[in-house]
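Novice: just a sequence and a predicted model for now, questions to come.
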Amino acid sequence: LRGDIAHVIIENIHSKGAWVLIILLGLHVAGAVKHEFAAEDGVLKKMLPGLFGKPATPPTARGYVRAFGTAIIAFALIAIIPIAGSGQSSSATPQTDEAVAPADETIEANWDVDYDASEIRFTGNYDGAEFTGTFDDWSADVEFHPEALDESRVLVTVRTATADAGKKLYNDSLKGPEWFDTTTYPDAQISLSNFSETDTGYSADAAISLKSELVTVPLDFTLEIDGDTAMLAGKAVMSRKAFNLGQDSDPSGSWVGDEITISVTGTATRK
């Protein structure tokens, strides 16, 4: 921790040093012009005695002290103010998706997911044509009780940098700050709760924590259980605008449609 603080201070001093030199140079030139046009003997003539035929008057020791003191004060103000300001604002700005992530849940997983036979897919529309992709790395803790849906819970963690839309251009764009911003937010979390039966299968609330946003959408799915093996197929629709995805370059959805469909298929074995 001390090393990090020292690094920040040294880096700040180094970056502000150039501004100090620029400010002092500006003050020096301004002072020279002021004295040149004032009633006193022109300072430019003293600075260039060879051209104007007058010897330069050496500065006094008091002048050196005054100039050095002014430089120190200016440097201190420029270097310290940004540090103080950043210290006041850092605690108010969330840096990771943990600030809005779903609350910790106690999940006693009773199903093991077969990841080779399971998939999370996203589908949208780009320039009038459908695009689709999958996440190559994700994990799920599944506690599901068909006879006690109120006790069922699922927590899915997705490594957003593993999004694969089939084209390098798409994949690189998805990693960028405007989309998943995978450097700042490496994981997305989906918490499933409030399970209920429907006419066609089941439904659950999917609380999706992506970047700095937390949005809940319904997930409708079918589930077939054969002995100790379960097969699931589900779908949810989310708005990319709600998660601040692509809002800098395409806020109106002229190129990339607002609706993104998340499809989940999976196989799990009862523990």
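Specialist: Nice, I can see it.
Novice: tell me which residues touch Asp187, please.
Specialist: Applying CB atoms under 8 Å, 6 or more residues apart in numbering to Asp187 gives the contacts 97, 157-160. Backbone N, C-alpha and C define where each C-beta goes, glycine included.
Novice: closest to Thr106 out of those residues?
Specialist: The nearest member of these to Thr106, counting by CB to CB, is Thr157 at 16.1 Å.
Novice: surely that closest one meets Ile120?
Specialist: No: counting by CB atoms under 8 Å, Thr157 sits too far from Ile120 to count as a contact (10.9 Å).
Novice: mind listing the strands for the stretch 151-271 of the chain?
Specialist: 153-159, 163-164, 187-197, 202-210, 213-226, 229-239, 259-270 (DSSP state E, counting those that start in this stretch).
Novice: next, format those strands as a markdown table and append mean pLDDT and distance to Gly124.
Specialist: Shown next, in a markdown table, are the strands of the stretch 151-271 of the chain (pLDDT from 0 to 100; distance: least, CB to CB, whole Å):
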| stretch | mean pLDDT | distance to Gly124 |
| --- | --- | --- |
| strand 153-159 | 98 | 16 |
| strand 163-164 | 98 | 12 |
| strand 187-197 | 98 | 16 |
| strand 202-210 | 98 | 14 |
| strand 213-226 | 97 | 15 |
| strand 229-239 | 98 | 10 |
| strand 259-270 | 98 | 5 |
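Novice: measure Tyr126 to Gly253 for me?
Specialist: 10 Å (CB to CB, to the nearest Å).
Novice: er, Asp228 I mean
Specialist: Distance from Asp228 to Gly253, by CB to CB: 45 Å.
Novice: settle it for me: which of these two has more neighbours?
Specialist: For Asp228 and Gly253, the more surrounded residue by other CB atoms under 10 Å is Gly253, and the numbers stand at 15 against 11.
Novice: contacting residues around the more buried one?
Specialist: Lys241.
Novice: just the pLDDT for it.
Specialist: In the predicted model, Gly253 carries a pLDDT score of 90.
Novice: any regions of the chain where pLDDT drops low?
Specialist: Of all residues in the chain, those with pLDDT under 70 make up the ranges 1-105.
Novice: and the nearest residue to Glu213 once chain neighbours are set aside, how close does it get to Gly201?
Specialist: Using CB to CB, 6 or more residues apart in numbering and skipping residues adjacent in sequence, the residue nearest Glu213 is Phe243, 4.8 Å away. For Phe243, the distance to Gly201 (CB to CB) stands at 26 Å.
Novice: and these two? Which one has more around it.
Specialist: Relative neighbour count places Phe243 above the other of Phe243 and Gly201, with 21 against 14, counting by other CB under 10 Å.
Novice: what about the nearest residue to Phe221 once chain neighbours are set aside, how many residues nearby?
Specialist: Closest residue to Phe221 apart from its sequence neighbours, by CB to CB, 6+ apart: Gly234 at 2.9 Å. Gly234 has 20 neighbouring residues, counting by other CB under 10 Å.
Novice: which residues touch Gly234?
Specialist: By CB under 8 Å, 6+ apart, the contact list for Gly234 reads 219-222, 263-265.
Novice: may I have the strands that pair with the helix or strand where Phe131 lies, each with its orientation?
Specialist: Here Phe131 sits within strand 129-135, counting by DSSP states H and E. Applying DSSP bridges to the sheet, strand 129-135 is found paired with strand 119-126 (antiparallel), strand 163-164 (antiparallel).
Novice: make TSV from those strands and add mean neighbour count and distance to Lys211 to it.
Specialist: Formatted as TSV, the strands paired with strand 129-135 follow (neighbours: other CB atoms under 10 Å; distance: least, CB to CB, whole Å):
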stretch	mean neighbour count	distance to Lys211
strand 119-126	16	15
strand 163-164	18	13
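Novice: and these: which comes nearest Asp205?
Specialist: Nearest of these (CB to CB): strand 119-126, 17.3 Å.
Novice: so the closest one versus strand 187-197, what angle?
Specialist: Here strand 119-126 points in a direction 100 degrees away from that of strand 187-197 (axes from the mean of the first three to the mean of the last three CA atoms, to 10 degrees).
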